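S.K.: sequence-free structure coming up:
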């Protein structure tokens, strides 16, 4: 398929007219913009309530099945870790195949079956070559519907999790994220992180109970992505998942969501740190908030990419960090805003102050149209680029179902981002951002960074067990 | 770095070692993939151009690979190539300082760059109506990038933070730095691309300009473009933007090879934030283009890909000694290594981990691999290969890499055949040949606060 041309020779006589067209002293003008249209896909609902989406992609001879259970760690109740352990055990043996057999059957075909849990959902995905579609579906449905939760496998995951928790005590990003959840969400389940006590208290039967209560077809959606035709794959899915019995999804009993009031710095002392991990947090709305597309432009302006203000200020102006970014972390029932940086010890205090300054600035100073135009286009264009990725499309389609978004959310998404004005950015920043009601998490060398942090606000020190240190 | 390896001629010469064992299944057949079509040619100034036209999505990916990496650095200027990559975002004669990202973001795209031992690459993803912008910026950088004190000073600080973030402040963050120092000692692979920060402070502006003049030349670069463009128009544009860049002198490439140690080498790295015992066993291996690289990849799969692999079954599943274990060939242009890395469960000693890895490696060397394992590894590579080149960005990158390092761009379509040409016996042969006990490197990270490990007896 390769054509080795002799272009240098052919062009030898053409060089002069060829160069006449371009002016390299100026940025070239773009051609007319291509349309950003969300890809077509097929939706079916099985009689048992399971929603199925089929997204065609023939660039690779592969297929991926992705099941979303609309219950995650938020449904743990008093059995902390139930969702996460259930997910971990799904590909470790079923009623028909023990763990070793399941591993051998998947590995032998280069098939991957993986599960993960989040706050609002559990995802189970299986992928491999289309020539093994039947077999992949067999292994996948077996893992989803008939996991064995065998005692020895449960014990292994328990032991591994305890070792992982031990390791996480030394990882600055793990420490920062765990404490961040806690200071934003308190005793609301989004704030939970696993402790060794939770892991030890968990029983194999808790996973069986979680699976029984939450793994229901009417509490799930299934996306199929790959070089398969809907008409061929839907009957196979009906066959594999048709006998899955629907049931009543248990109602969640949840405490009130707390609110962040005032400014507090939560400092995890990690002796030996040569850099500080900083996360500035504030309360934010949930995933289905009606302003989300427009808020993307607000966030991009503040800290969405290399041209965001945080990056330009903390990295390009001050040289304090390799990167500084911000993002909204939207969950189903609540959200939070996070601005982050990793800075050397001696500039940690000033960096926190500068992040707060940038948050305040976007709320109170009107932005120039030129800056907002760039950020609009950045969002719209990168959304268009992301449509190339069909797994991402599947995730978006399932997100509409999981978070209860309007059906046309992604059809109007680019258009809405493309018309945001500087005045709207300021108005939304005022509504959704704050530099005064913030929780600031810092992980670093306390004896070097605490004095500077105290100039910014009240500091509470924690140890690596995330327990407050009392003096 | 799974982008392994090969040279067609050597494959054709590879001699089957022995008759196929009786219990082997029929010779495995691989799937047929849709060919990724491309044209490639050189401009008069030596720039190699690869164009893959594909209208699936209205996007383009551009990828510029300069054949210069940290191995081209002097030992007293490590980190230079990577630092230089940061400077390439500063601007050019026609692009004001700090504008490159603004232009690309403002066009709805994204960009990045990376530096490794052998190469430095720059990539843009853009909506397809912005092709000219990508060509303009990349040709500006190649023609007359801006190298001044302002940019150098800021980036010196930024790169120090990058090193702290990735290497110095993470548990096991120094692993590759220590591994390279140990296994590639005496060669330009002995330091990692991030290098040592003090050398960047010592470097003068003139040194940066000289580096640019030596390596950032069209005759040392490959431009790959994949996506939604018109082939003829794009050829013309490429000529217009890149044609006027003058060709430079040929590049002198470092030549070196690895010398095996005559007895095992062990090094312990004590760090205050190491949470769990971890150990790495490593051996010299071949350059990525060596025919044995494929057998080494399959060996790595049999040792550690998936829960049915040997090391996983033994260390993680049966003994519950390790949290994870991975065997990985790390093969570069001038040489490589095969490493086995395991992190112990809480309380498991380094000696225990070392013993278990040794036993499994020795067992494989003594007994070879089963027909089932052989077939499984091929199937794993097949699935991996088939899913590898979905996006325009991955296609542009791999087209360029196959051209530069293998001299055969079409390997993007055919490389899988190289795996399927490996015989079952080859896997045991490479294990015996490369994983010698007497020439093994061991790099250990004792958990902080754990009792000091016993020094291994000298041999």
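M.R.: Yes, it's here. Model, not experiment: these values are computed from the prediction.
S.K.: so where's the chain uncertain?
M.R.: No chain in the question, so chain A it is. Flagging of chain A using pLDDT under 70 yields the residue ranges A:1-20, A:36, A:471.
S.K.: not what I meant, chain B
M.R.: Filtered on pLDDT under 70, chain B yields the residue ranges B:1-29, B:450-459.
S.K.: for chain A, what's the nearest residue on the stretch 1-150 of chain B?
M.R.: Distances between the stretch 1-150 of chain B and chain A by CB to the nearest CB are smallest at residue B:108, namely 1.3 Å. In this view, the C-beta of every residue, glycine as well, is placed from N, C-alpha and C.
S.K.: list the contacts for the nearest residue to residue A:199 once chain neighbours are set aside?
M.R.: Counting by CB to CB, 6 or more residues apart in numbering or on different chains, residue A:199 lies nearest to residue A:161, which is 5.2 Å off, once chain neighbours are set aside. Residue A:161 makes contact with A:81, A:85, A:88, A:194, A:199, according to CB atoms under 8 Å, 6 or more residues apart in numbering or on different chains.
S.K.: which element is residue A:161 on?
M.R.: In this assignment (DSSP states H and E), residue A:161 forms part of helix A:151-168.
S.K.: now the element after that helix, going C-ward?
M.R.: In N-to-C order, the element after helix A:151-168 by DSSP H and E is helix A:172-185.
S.K.: pull up the residues of the stretch 201-350 of chain A that are close to chain B.
M.R.: Counting by CB under 8 Å from any CB of the partner chain, the stretch 201-350 of chain A comes close to chain B at A:270-275, A:305-307, A:312, A:315-322, A:342-344.
S.K.: select only the buried ones of those in ChimeraX?
M.R.: To isolate the buried subset of these in ChimeraX, counting by 16 or more other CB atoms under 10 Å in any protein chain shown, use the following:
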select /A:270,273,274,275,305,306,307,312,315,316,318,319,320,321,322,342,343,344
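S.K.: what's the spacing between the residue nearest the centre of chain A and chain B?
M.R.: In chain A, the residue lying closest to the centroid (CA atoms, centre = their mean) is residue A:329, at 7.8 Å. Distance, residue A:329 to chain B, by CB to the nearest CB, to the nearest Å: 21 Å.
S.K.: can you pull the contacts of residue 270?
M.R.: This is for chain A. Contacts of residue A:270 (CB under 8 Å, 6+ apart): A:170, A:172, A:175, A:443, A:444, A:445, A:464, B:273.
S.K.: was after chain B, sorry
M.R.: Here residue B:270 is in contact with B:446, B:448 (CB under 8 Å, 6+ apart).
S.K.: does it count as helix, strand or coil?
M.R.: Classification of residue B:270 by DSSP: H, G, I helix; E, B strand; the rest coil places it in coil.
S.K.: measure it to chain A for me?
M.R.: Distance from residue B:270 to chain A, by CB to the nearest CB: 12 Å.
S.K.: phi and psi next, for that residue.
M.R.: Per-residue torsions, residue B:270: phi -90, psi 120 (degrees, to the nearest 10).
S.K.: how about residue A:408?
M.R.: Dihedral pair for residue A:408: phi -100, psi 20, per degrees, to the nearest 10.
S.K.: excluding chain neighbours, give the residue nearest to the residue of the stretch 201-350 of chain A found nearest chain B in space.
M.R.: Of all residues in the stretch 201-350 of chain A, residue A:319 sits closest to chain B, at 2.9 Å by CB to the nearest CB. Among residues not flanking residue A:319 along the chain, residue B:157 sits closest, at 2.9 Å (CB to CB, 6+ apart).
S.K.: now do that neighbour against residue A:355, distance only.
M.R.: Note on residue B:157: its distance to residue A:355, by CB to CB, to the nearest Å, is 17 Å.
S.K.: these two: which is more packed in?
M.R.: Shown here are residue B:157 and residue A:355; by other CB atoms under 10 Å in any protein chain shown, residue A:355 has more neighbours (29 against 18).
S.K.: what's near enough to touch residue 122?
M.R.: Defaulting to chain A. Neighbouring residues of residue A:122 by CB under 8 Å, 6+ apart: A:68, A:69, A:71, A:72, A:83, A:86, A:87, A:115, A:116, A:214.
S.K.: not what I meant, chain B
M.R.: B:63, B:64, B:66, B:85, B:88, B:111, B:112, B:113, B:138, B:141.
S.K.: hey, what's it bridged with?
M.R.: With DSSP bridges applied, residue B:122 shows beta-bridge pairing to residue B:64, residue B:113.
S.K.: close to chain B, is stretch A:450-464?
M.R.: No - Stretch A:450-464 is not in contact with chain B by CB under 8 Å from any CB; minimum separation 9.6 Å.
S.K.: now do the buried residues in that stretch.
M.R.: A:450, A:452, A:453, A:456, A:457, A:459, A:461, A:462, A:464.
S.K.: relative to the whole chain's centre, how far out is it?
M.R.: 29 Å (CA atoms, centre = their mean, to the nearest Å).
S.K.: and for stretch B:410-426?
M.R.: 19 Å.
S.K.: quote the end-to-end distance of it.
M.R.: 25 Å (CA to CA, to the nearest Å).
S.K.: chain A contacts on the stretch 151-300 of chain B?
M.R.: Residues of the stretch 151-300 of chain B lying near chain A (CB under 8 Å from any CB): B:153-158, B:160-162, B:164-165, B:168-171, B:228, B:235-237, B:239-241, B:243-244, B:271-276.
S.K.: is it possible to mark the buried ones in those residues?
M.R.: B:154-158, B:160-162, B:164-165, B:168-171, B:228, B:235-237, B:239-241, B:243-244, B:271, B:273-276.
S.K.: in strands, which of those appear?
M.R.: In strands, defined here by DSSP state E, there are no members of those.
S.K.: my read is residue B:111 is in a strand, agree?
M.R.: Yes - assigned with three-state DSSP, residue B:111 falls within a strand.
S.K.: my guess is it contacts residue B:103. True?
M.R.: No - Residue B:111 is beyond contact range of residue B:103, at 9.4 Å (criterion: CB atoms under 8 Å).
S.K.: list the buried ones in stretch B:87-95?
M.R.: So, applying 16+ other CB under 10 Å, buried residues of stretch B:87-95: B:87, B:88, B:89, B:90, B:91, B:92, B:94, B:95.
S.K.: and the contacts of that stretch?
M.R.: A:24-26, B:97-101, B:103, B:113, B:122, B:137, B:140-141, B:143-148, B:151-152, B:155, B:208.
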